[in-house]
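Visitor: Sharing a model prediction with you, sequence too.
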Amino acid sequence: MITSLVVLLLLCVVGGFALITAQRVLAFGSAISTQTPLSTQTSYMGTSDRVNLLVMGFGGSSHDGAYLTDSMVVMSLLPQSHHTTLISVPRDLWVQIPANSGNYHKINYTYTYGSNNGANPAGGGDAAAQKVSVVTGLDVKYWLTINFTGFRDFINAIGGVDVYVPDSFTAKYPANDDPNINPNWIKVHFSKGMQHMDGETAIRYARARYVLDNAAEGSDFARSARQQIIIKSALSKVKQISTWPSLYNALTALQHTIYTNLSLADLMQFALKMDLNNAHRAGLSNQNVLVDDTAPDGEAILAPANGNWQAIKDYVKQQLYN
């Protein structure tokens, strides 16, 4: 959902060191990771090997489907050259879950299954990373999850974000994340140009799926691009000195937003090394190696063109920024 919250984390932590105690920052690092804050699994990104981080976003509410990953993006980094590749994996890709079980689901169900519906976040992250490794051919050891509910609070904590919307569109959007509270739908519209967005508006912009008047904005790839726009806008806001007094509350919100198997130290190093401005971007879609298909129950899915899973791996390898 959203492919580079790591950068925001880095800047919040850097600002946090200047504004609050190191003890608070270390407690934050312990809360967001399976690893101790100052440990490393990557030699603090001193390696010449490629480091792959799967970033996943989910709704995080109490309704059904709360842990279906709305977005799945692999951030592939060569630490020494800073070369960064972002690879979007569509949520509708039809895969076996669990592996070799003969049971098929959309790939966005992997985290739900592996985490036992959110009860075991580390299990879910590991399962999703392993599945994406099999699909892409990349060695995806690391993962980070984003709870969109918490991300909404994070944006509000920094006073909203200024966003340049590159293309206008109107979409149908749930009136409430929980249909038991309100099952209705509303229309949301975004006009081309600069907009100031609070947390709710930013989340709607990032997650809007049922686009009514601009088909290009309705794809998984377009949603991924919009999520990147929100992240960059939030990054710009965090850089502003006037935002720094809000970072204590922002850290609190962020603590309820992300979880990862990278330590705080490794996550900071990843953020320092990656280069989003010059990153290569690619997405698996029905415009390259996937085709539209229909599951046995009639739902729309995506499958490898000609059933060729190896072609997906070959395509990903060709797209990497070496």
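Guide: Nice, thanks for sending it over.

Visitor: Name the single longest helix found in the chain.
Guide: Counting residues, the longest helix found in the chain (DSSP state H) is helix 220-239.

Visitor: From the chain's centroid, how far away is it?
Guide: Distance of helix 220-239 from the chain centroid (C-alpha atoms, centre = their mean, to the nearest Å) equals 10 Å.

Visitor: other SSEs contacting that helix?
Guide: Here helix 220-239 touches helix 5-19, strand 69-78, strand 83-88, helix 148-157, strand 161-165, helix 199-207, strand 280-283, going by 3 or more C-beta pairs under 8 Å, 6 or more residues apart in numbering; DSSP states H and E. Just so you know, the C-beta spots here come from the backbone N, C-alpha and C atoms, and that holds for glycine as well.

Visitor: how about 6 Å then?
Guide: Applying 3 or more C-beta pairs under 6 Å, 6 or more residues apart in numbering; DSSP states H and E, one finds that helix 220-239 makes contact with helix 5-19, strand 69-78, strand 161-165, helix 199-207.

Visitor: C-alpha coordinates for the last one, CSV please?
Guide: Spelled out, that is helix 199-207. Provided in CSV are the C-alpha atoms of helix 199-207 (Å, rounded to 0.1, in the frame of the first residue of the first chain):
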residue,chain,number,x,y,z
GLY,A,199,-5.7,11.3,6.8
GLU,A,200,-9.1,10.1,5.6
THR,A,201,-8.8,11.8,2.2
ALA,A,202,-5.3,10.6,1.7
ILE,A,203,-6.3,7.0,2.4
ARG,A,204,-9.3,7.3,0.1
TYR,A,205,-7.0,8.6,-2.7
ALA,A,206,-4.5,5.8,-2.1
ARG,A,207,-7.0,2.9,-1.9
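
Visitor: quick one: Ala208 and Met194, what's the gap?
Guide: Per C-beta to C-beta, to the nearest Å, Ala208 is found 18 Å from Met194.

Visitor: So those two - more neighbours on which side?
Guide: Using other C-beta atoms under 10 Å, the more surrounded residue of Ala208 and Met194 is Ala208, with 22 against 10.

Visitor: Contact partners for the more buried one?
Guide: Ala171, Tyr173 (C-beta atoms under 6 Å, 6 or more residues apart in numbering).

Visitor: what stretches of the stretch 201-322 of the chain score poorly on pLDDT?
Guide: 241 (pLDDT under 70).

Visitor: quick one: the helices in it?
Guide: Ranges of helices in the stretch 201-322 of the chain, per DSSP state H, counting those that start in this stretch, are 220-239, 247-255, 264-273, 309-319.

Visitor: Counting neighbours, show which residues of the second one come out buried.
Guide: Looking back up the chat, that one is helix 247-255. Using 16 or more other C-beta atoms under 10 Å as the test for burial, helix 247-255 gives Leu247, Ala250, Leu251, Thr252, Ala253, Leu254, Gln255.

Visitor: from the residues you listed, which is closest to Ser133?
Guide: Closest approach to Ser133 among those (C-beta to C-beta): Leu254, at 27.0 Å.

Visitor: hang on, the earlier thing: which two of the buried residues of helix 247-255 have the greatest separation?
Guide: Within those, two members stand farthest from each other by C-beta to C-beta: Leu247 and Gln255, at 12.1 Å.

Visitor: For the stretch 51-200 of the chain, give me the ranges with low pLDDT.
Guide: For the stretch 51-200 of the chain (pLDDT under 70), the answer is 61-64.

Visitor: does Asn182 really touch Tyr173, like I thought?
Guide: No - using C-beta atoms under 6 Å, Asn182 makes no contact with Tyr173, being 11.7 Å away.

Visitor: Please name the nearest non-neighbouring residue to Met45.
Guide: Using C-beta to C-beta, 6 or more residues apart in numbering and skipping the chain neighbours, the partner closest in space to Met45 is Gln269 (3.9 Å).

Visitor: could you measure that neighbour against Val89, distance?
Guide: For Gln269, the distance to Val89 - C-beta to C-beta - is 24 Å.

Visitor: Spatially, what comes nearest to Thr84 if we skip its sequence neighbours?
Guide: The spatial neighbour of Thr84 that comes closest, neighbours along the chain excluded (C-beta to C-beta, 6+ apart), is Ala279 at 4.1 Å.

Visitor: what's the one you found sitting at in phi/psi?
Guide: Torsion angles at Ala279 (phi, psi; degrees, to the nearest 10) stand at phi -70, psi 150.

Visitor: Would you check that it makes contact with Leu86?
Guide: Yes - applying C-beta under 6 Å, one finds Ala279 in contact with Leu86, separated by 5.4 Å.

Visitor: Neighbour count: these two, which is higher?
Guide: Leu86 (23 against 19).

Visitor: Show me what that one is bridged to.
Guide: Met75, Arg281 (DSSP bridges).

Visitor: I'd guessed it sits against Asn277; true?
Guide: No - between Leu86 and Asn277 there is no contact, the gap being 11.9 Å when judged by C-beta under 6 Å.

Visitor: This completes my enquiry, with thanks.
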